[in-house]
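Engineer: pasting the sequence and the predicted model now:
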Amino acid sequence: MLSGTTVVAVSFLYLAALFGVAYYGDKRADAGRSVIANPTIYALSLAVYCTTWTYYGSVGRAASSGIGFVPVFLGPTLVVGLWWFVMLKMIRIGKSNRITSIADFIASRYGKSHLLGGLVTVIAVLGVIPYIALQLKAVSGSFSILIHPQGLLTPIRTGALPWMTDTTFYVALMMAAFTILFGTRHLDATERHEGLVAAVAFESLVKLVIFLVVGGFVTFGLFDGFGDLFSQAAEDPALRALMVVETGGNSYGNWFALTVLSMLAVMFLPRQFQVAVVENVNEKHLRRAIWLFPLYMMLINVFVLPIALGGLIYFRGQAVDADTFVLTLPLASGHPLLALLVFIGGLSAATGMVIVETIALSTMVCNDLVMPALLRFSRGALRGHNDLSGLLLAIRRGAIVLILLLAYLYFRLAGEAHALVSIGLISFAAVAQFAPAMLGGMYWRGGSRAGALAGLSAGFLVWGYTLLLPSFAKSGWLPGDFLQGGLFGLEFLRPQELFGLRGLDPMAHSLFWSLFANVGAYTWVSLLRPPNAVEAGQATLFVDVFRQGRPSGGAFWRGSARVGDLLPLIARFVGLERAQALFSSYARERGVERVADLEADAGLVHFAETTLAGAIGGASARVMVASAVKEEPLGLDEVMHILDEASQVRAYSQRLEQKSRELEAATAELRHANDRLKELDRLKDDFMSSVTHELRTPLTSIRAFSEMLLEDPRIDLADRKRFLGIIVAETERLTRLVNQVLDMAKIESGHAEWHNGEVNLVEVVEQAVASTSQLFKDRGVSLELDLPASLPVLLADRDRLIQVMLNLLSNAVKFVERDGGQVRVKLAETSDGVQVDVSDNGPGLTLAEQTVVFEKFRQGGNTMTAKPQGTGLGLPISRQIVEHYGGRLWVESAPGEGARFSFFLPCGRSTEAQERAG
């Protein structure tokens, strides 16, 4: 048993360490050395998606529905594949417009509407409060179990305790205090919360490692591995059913609904939008997140089903809440320190979620609810303050406390009646209502403010009626008559069987009807009431954010302004020093030395508005800037003219880009041609070197024997005859070599004459053998022939094919040993032609020599330099002849095992080959 003091002390030590990480991150950011400018940190921060729902609730869901917990994590894994298109566009829009929250995103898209931003904020707060309540419930429940182990079988219902003695109340206050310390120590909306992101990435690692540790303990400590655990579960029919996908009922429909729900939630939950879009440092970090985030999802779910099955087996016959198996298994098995570690992991998961979520919600409450009200009803009071940054911080801190108290109130009213997963799904369904307005706003110019208001309102009302109110009714806080009888006694208005739709899980049922109402109203009303001039301008900024030549926000502003009015306005919200630094930076970008020399044009007004939007939101920024400048409203025709000009600029830019690509292609071709000329020049030099080498050998022999005959009169007649024979042979060799060089040049230039006729390849081989018989006899090399009785007749130049055989035979006899060498010639008919093999038992070719010969023969062009030493010009010219008739020449060899040169001639040649042959 662990004392409450020990648990609290360890918890505060961990939270202090978390705060230390955040403090370090902020300090590094202030020094210009960001710790979050790292794609891994960015990917880990996205794991704030995994809360106590994942840590505790997934095991509870797996204990009741088996692998039914998978869709909640399958959805994010699947939607990641679209992130490089959808999420990247959201990030680019967020950076371009200084977006601070999901409410600011939607409000800015539809004409910077205060009303729309306020509606989104209300939906987000009411929708996410159950999710925050889930974290409070998990932390307080696990704390109670840890210090009261007897609560395993009879858990304490903290919601029934007076609030002054309720642990959950103090957990809520503690979360509020740490959220204020983490996220609102100073006004950071114009910058990133770098320390916060670093802390979230750290807690993501902590909860993952601890969950893997406890999973390994259950699987390999309490049981003898996965095999033992699953085999024991398979012996129980009830447990065996948890390991398969149910095929009856609506399991597939529920899986689909939960998958879609989680796909939307991972992008549109306020905390996910905060870390993925608002806190993004570099768009390229998304590349790593696309594979690292799914990997994280897989790792943190590896042991979910094993822990669930292990808990059901270990506590068989005992009424232990499955949501607490992660904690109760170490505790019941006598490992309190491991249980304490598990509690810290759960506290980490809850803290990360609550801090990021409440910071995002407090920013929305401040910018889209409180500030618009102040601007509407107390603008005069605001003008009396030179520095409103303190007021903004106070509003956000108050919003944080209020949100956490509302979450505690929901926990007291309805939290005890639902499992952790059920509470989380209620919030998922709420934030899914943002999808039509956001996705439609990013890809459809026709979406209007009226359509977005209609869609969000309809979807939110249906969600509240079909999901939120039933949760209160099941908790006993509301009468449950309307669940069975329907509103006003109308059965077709039953919240969980709306309009007679039966058989669906309550969550799938609510998701279907709420999104149906949302999408339908958004589309229908947008078509009835199309965008006005301001909305059309904003639509272009969002839809065409990736396109060149699109107009900036300043293009849709016309009027007069003064730097002396804008600078003090910005200073009131971000501080004078910060405002001066921002305006000085803008002046340098415009090539102006002093801020006072800036031209107060549309660009400056746009800069001031986006800067102010980072502090108070886009809608409020527009109102404040409008109070300091004189704006002339633009009509829809003028906006469309601006858009048309932008389209012309974009088209011109695209033409320039196309011409640039064509120029690059032409440059590349010239570069390739230059390289080819260099290669041809090198081949020419190699060719001349090769020819010179081949000519030098017979000339040297002729000169040597001639000198011997002239200078030594004592040589007898027999030797003279023999020397004269050698001279004649070398002369013939020289003549043949010159003819080969000339012939190759003619072939490669296309000027060679081909005397084609019917050729019997057997006769060609026999004639070549007869011509080289003396050479074989002089060297003592045996020749074996393997010739068929008949072969198909080919249409070719008989003399040139004889030349090929002579070259191959001469080459073979040259590389075998005297008095013992063997050469074998084999002819064979194949399915589509004739193949000739000339094999020898010589030393063979090394791998390098094979590569040179074979690869160069397989390629086109001059390959005379591609031969190993001693192969002469015979092989290159032989290749030219064989390829002229549509065939190919190759070599197969291994060192010490001889070589086999082969060529193949097709019987049915291509038309091109026939034309060349004719």
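Structural biologist: Arrived safely.

Engineer: could you pull out the strands in this protein for me?
Structural biologist: All strands of the chain, identified by DSSP state E, fall at 559-560, 630-631, 756-759, 782-786, 794-797, 822-829, 833-840, 888-893, 899-906.

Engineer: want to throw the ones you listed into JSON lines with mean neighbour count?
Structural biologist: (Glycine included, C-beta is placed from N, CA and C.) Formatted as JSON lines, those follow (neighbours: other CB atoms under 10 Å):
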{"stretch": "strand 559-560", "mean neighbour count": "13"}
{"stretch": "strand 630-631", "mean neighbour count": "13"}
{"stretch": "strand 756-759", "mean neighbour count": "14"}
{"stretch": "strand 782-786", "mean neighbour count": "13"}
{"stretch": "strand 794-797", "mean neighbour count": "20"}
{"stretch": "strand 822-829", "mean neighbour count": "18"}
{"stretch": "strand 833-840", "mean neighbour count": "20"}
{"stretch": "strand 888-893", "mean neighbour count": "19"}
{"stretch": "strand 899-906", "mean neighbour count": "21"}
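
Engineer: wait, which of those strands is closest to Asn254?
Structural biologist: Among these, strand 630-631 comes nearest to Asn254, with 52.3 Å by CB to CB.

Engineer: residue boundaries of the helices in the stretch 151-300 of the chain?
Structural biologist: Assigned by DSSP state H, counting those that start in this stretch, the helices in the stretch 151-300 of the chain fall at 167-183, 194-217, 225-234, 237-240, 251-268, 270-273, 285-301.

Engineer: residues of the fourth one that come out buried?
Structural biologist: The neighbour-count check on helix 237-240 (16 or more other CB atoms under 10 Å) flags Leu239 as buried.

Engineer: please state the offset of that helix from the chain centre?
Structural biologist: 39 Å (CA atoms, centre = their mean, to the nearest Å).

Engineer: now for it, which elements pack on it?
Structural biologist: Contacts defined by 3 or more CB pairs under 8 Å, 6 or more residues apart in numbering; DSSP states H and E place helix 237-240 against helix 225-234, helix 304-314.

Engineer: just name the most buried of the ones you listed.
Structural biologist: Ranked by mean neighbour count, these are led by helix 304-314 with a mean of 24 (mean count of other CB atoms under 10 Å).

Engineer: quick one: mean pLDDT for it?
Structural biologist: What helix 304-314 shows for mean pLDDT is 91.

Engineer: now do that helix: which elements does it pack against?
Structural biologist: helix 58-65, helix 194-217, helix 225-234, helix 237-240, helix 325-332.

Engineer: about what we covered before: can I get the strands of the chain in JSON lines with distance to Thr51 and mean pLDDT?
Structural biologist: Output for these, formatted as JSON lines (distance: least, CB to CB, whole Å; pLDDT from 0 to 100):
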{"stretch": "strand 559-560", "distance to Thr51": "47", "mean pLDDT": "52"}
{"stretch": "strand 630-631", "distance to Thr51": "45", "mean pLDDT": "54"}
{"stretch": "strand 756-759", "distance to Thr51": "82", "mean pLDDT": "86"}
{"stretch": "strand 782-786", "distance to Thr51": "79", "mean pLDDT": "89"}
{"stretch": "strand 794-797", "distance to Thr51": "79", "mean pLDDT": "86"}
{"stretch": "strand 822-829", "distance to Thr51": "73", "mean pLDDT": "90"}
{"stretch": "strand 833-840", "distance to Thr51": "71", "mean pLDDT": "91"}
{"stretch": "strand 888-893", "distance to Thr51": "65", "mean pLDDT": "85"}
{"stretch": "strand 899-906", "distance to Thr51": "69", "mean pLDDT": "89"}
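
Engineer: between the ones you listed, which one is closest to Ala452.
Structural biologist: strand 630-631 (23.7 Å).

Engineer: can you redo the helices and strands packed on helix 304-314 as TSV with mean pLDDT?
Structural biologist: What follows is the helices and strands packed on helix 304-314, written out as TSV (pLDDT from 0 to 100):
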stretch	mean pLDDT
helix 58-65	86
helix 194-217	92
helix 225-234	89
helix 237-240	84
helix 325-332	90
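
Engineer: for Leu136, which of the helices and strands packed on helix 237-240 is the nearest?
Structural biologist: Closest among the helices and strands packed on helix 237-240, using CB to CB: helix 304-314, at 22.4 Å.

Engineer: got the angle between that closest one and helix 58-65?
Structural biologist: 70 degrees (axes from the mean of the first three to the mean of the last three CA atoms, to 10 degrees).

Engineer: residues touching helix 304-314, excluding its own?
Structural biologist: Contact with helix 304-314 is made by 58-60, 62-63, 66-67, 69, 214-215, 218-219, 222-223, 226, 229-230, 232-233, 236, 239, 242-243, 320, 322, 325-326, 328-329, 332-333, as judged by CB atoms under 8 Å, 6 or more residues apart in numbering.

Engineer: let's see that with 7 Å instead.
Structural biologist: By CB atoms under 7 Å, 6 or more residues apart in numbering, the residues outside helix 304-314 that reach it are 58-59, 62-63, 67, 69, 215, 218-219, 222-223, 226, 229, 232-233, 239, 242, 322, 325-326, 329.

Engineer: how about stretch 500-515?
Structural biologist: Counting by CB under 7 Å, 6+ apart, 250, 253-254, 257, 261, 425, 429, 432-433, 459, 462-463, 466-467, 470, 492, 496, 498 sit against stretch 500-515.

Engineer: buried only: go through these for me.
Structural biologist: 254, 257, 261, 425, 429, 432-433, 459, 462-463, 466-467, 470, 496, 498.

Engineer: quick one, what contacts the residue nearest to Pro470 when sequence neighbours are not counted?
Structural biologist: Setting aside the residues directly before and after it, Pro470 is nearest to Pro495 in space (CB to CB, 6 or more residues apart in numbering), at 5.1 Å. The contact partners of Pro495, by CB under 7 Å, 6+ apart, come to Tyr465, Thr466, Leu469, Pro470, Phe482, Leu483.

Engineer: who touches the spatially most central residue of the chain in this structure?
Structural biologist: Nearest residue to the geometric centre of the chain (CA atoms, centre = their mean): Ile290, 3.7 Å. Counting by CB under 7 Å, 6+ apart, Ile290 touches Val80, Trp83, Trp84.

Engineer: ok, it to Thr51 distance?
Structural biologist: Separation of Ile290 from Thr51 (CB to CB, to the nearest Å): 22 Å.

Engineer: what of Leu229?
Structural biologist: 26 Å.

Engineer: just Arg287 next, same as before
Structural biologist: Between Arg287 and Thr51 the distance is 26 Å, computed by CB to CB.

Engineer: quick one, which of these two is more surrounded?
Structural biologist: Per other CB atoms under 10 Å, whichever of Arg287 and Thr51 has more neighbours is Thr51, with 27 against 15.

Engineer: I'd assumed Leu347 was in contact with the more buried one.
Structural biologist: No. Thr51 is not in contact with Leu347 according to CB atoms under 7 Å; the separation is 11.4 Å.

Engineer: for Leu134, grab the count of nearby residues.
Structural biologist: Neighbours of Leu134 (other CB under 10 Å): 30.

Engineer: ok, and the closest non-adjacent residue to it?
Structural biologist: Distances taken as CB to CB, 6+ apart place Ile423 nearest to Leu134, at 4.3 Å, with adjacent residues excluded.

Engineer: quick one: contacts for that neighbour?
Structural biologist: Here Ile423 is in contact with Pro130, Tyr131, Ala133, Leu134, Gly415 (CB under 7 Å, 6+ apart).

Engineer: returning to what we had before: nearest to Ser790, of the helices and strands packed on helix 304-314?
Structural biologist: Set against Ser790 and scored by CB to CB, those come closest in helix 225-234, at 68.1 Å.
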